[in-house]
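Chemist: okay, sequence plus prediction incoming.
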Amino acid sequence: MNNRLSIYILLCLAILASGQAAAQGTYGTKVTAGDPDVGLPLSNFAQIPAAGTPAILWQNNFWISYWDLNANGLYDAQDVPYLQFGSTNLFPPAQRIVRANNIRLAGWGSYPAGSYVSANDPDIGQQLNTVPPAPYALPSAAFVGFYYLNVAGTAGYDMQDPVYLKVLSAPFPLPPQAETNDIRITGYANYPAGSRVSITDPDAGKPLALFKLDGGAIGGPTPTAAPGPIGTFMFFNANGNIANPPPFSAIFDDGDVVYLHVGFGAAVGPGDIRLF
């Protein structure tokens with residue numbers, strides 16, 4: 001049994017015990033005090049090559065990309081969005097492909113949202129779009145990003161606030177709103193993590209606030225201005241392997257699991273979002 005599966009089973013048991021929706025597994029759940037993964041050490045994505053890529057494709061380049069299943073040149077409900085660590089917006093299109101350990105942000109076929117691509121999966125090597133033909137296609141660098149719905153009306157992001165990936169967003173209206181085909185990173189009401197917003201859903205049209213992320217060197221989401229980031233992508237280095245150089249850089253590969261880590265420090269804590 002690999003490390004990722006072992007962690008997954010432990011966390012599923014914890015979720016069952018706490019009365020959360022077991023059907024969602026762990027993807028998109030928020031860490032709470034007393035969960036078994038609290039305190040696990042987290043590593044930053046480093047300036048080391050992603051597996052099977054040219055040396056310049058460092059793992060700390062974060063990209064949201066999509067597989068255009070219906071080949072219409074626009075992101076829509078038929079397409080599969082991925083979170084990639086180690087990709088590019090600069091190389092020829094041949095380099096923009098589905099790779100091992102990309103994270104499916106929405107379900108596809110028998111693969112649920114939050115599943116990690118394996119070397120033998122049928123979507124491995126599929127062409128991805130990262131340079132849209134129009135500003136409303138994913139990912140438009142100006143508008144695509146992570147946002148939260150401030151359900152409690154408190155100051156800033158907290159445990160009760162659901163998180164979204166905005167994928168079809170114009171600069172207006174302001175503030176940004178939950179819109180059709182935006183993806184729920186955490187669940188909302190009876191809608192699970194990985195589901196897409198529909199115009200008739202109760203969260204459609206609700207105002208969203210930017211969930212500021214500390215991004216990679218050239219990838220997106222990009223670093224944001226003051227008051228500074230409230231989250232970043234980090235991972236639990238399950239097999240403990242490291243690279244040199246840079247010194248003691250953790251390698252993200254098979255068995256490792258990703259968190260959207262909130263706040264400071266380098267350990268899993270309450271409020272972190274599980275992306276597996």
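Modeler: Looks like it came in fine.
Chemist: what are the boundaries of the helices in this protein?
Modeler: Counting by DSSP state H, the chain has helices at residues 3-17.
Chemist: so what's residue 122 up against?
Modeler: Shown in contact with residue 122 (CB atoms under 8 Å, 6 or more residues apart in numbering): residue 109. Backbone N, C-alpha and C define where each C-beta goes, glycine included.
Chemist: can you read off the pLDDT for the nearest residue to residue 231 once chain neighbours are set aside?
Modeler: Spatial nearest neighbour of residue 231, excluding adjacent residues (CB to CB, 6 or more residues apart in numbering): residue 262 at 4.9 Å. Looking at residue 262, its pLDDT is 85.
Chemist: I'd guessed residue 232 sits against residue 261; true?
Modeler: Yes - using CB atoms under 8 Å, residue 232 is in contact with residue 261, at 5.6 Å.
Chemist: so which residues of the stretch 151-276 of the chain form strands?
Modeler: Applying DSSP state E, counting those that start in this stretch to the stretch 151-276 of the chain gives strands spanning 163-166, 183-184, 209-210, 231-236, 242-243, 249-250, 257-262, 273-274.
Chemist: can you give the strand pairings for the third one, parallel or anti for each?
Modeler: Think strand 209-210. Strand 209-210 has its sheet partners listed here by DSSP bridges as strand 145-148 (antiparallel).
Chemist: list the contacts of the partner strand.
Modeler: With contact meaning CB under 8 Å, 6+ apart, strand 145-148 is reached by 157, 161-166, 176, 185, 208-211, 213, 220-221, 231, 260.
Chemist: any weak-confidence spans in this structure?
Modeler: Scanning the chain for pLDDT under 70 picks out the ranges 1-24, 52, 56, 88-93, 130-144, 168-174, 212-230.
Chemist: what residue lies at the spatial centre of it?
Modeler: residue 83 (5.2 Å; CA atoms, centre = their mean).
Chemist: number of nearby residues for the closest residue in space to it that isn't next to it in sequence?
Modeler: Nearest residue to residue 83 in three dimensions, chain neighbours excluded: residue 103, at 4.3 Å (CB to CB, 6+ apart). Neighbourhood size, residue 103 [other CB atoms under 10 Å]: 20.
Chemist: my guess is residue 103 meets residue 80, correct?
Modeler: No - taking contacts as CB under 8 Å, residue 103 lies outside contact range of residue 80: 11.0 Å.
Chemist: show me what residue 164 bridges to in the sheet.
Modeler: Where residue 164 sits in a bridge, its partners, by DSSP bridges, are residue 147, residue 184.
Chemist: cool, and residue 188?
Modeler: Bridge pairing for residue 188 - DSSP bridges - gives residue 191.
Chemist: so it is in contact with residue 163, correct?
Modeler: No - taking contacts as CB under 8 Å, residue 188 lies outside contact range of residue 163: 9.3 Å.
Chemist: how much space separates the residue nearest to residue 83 from residue 156?
Modeler: Plainly put, residue 103 is 26 Å away from residue 156 if you go by CB to CB, to the nearest Å.
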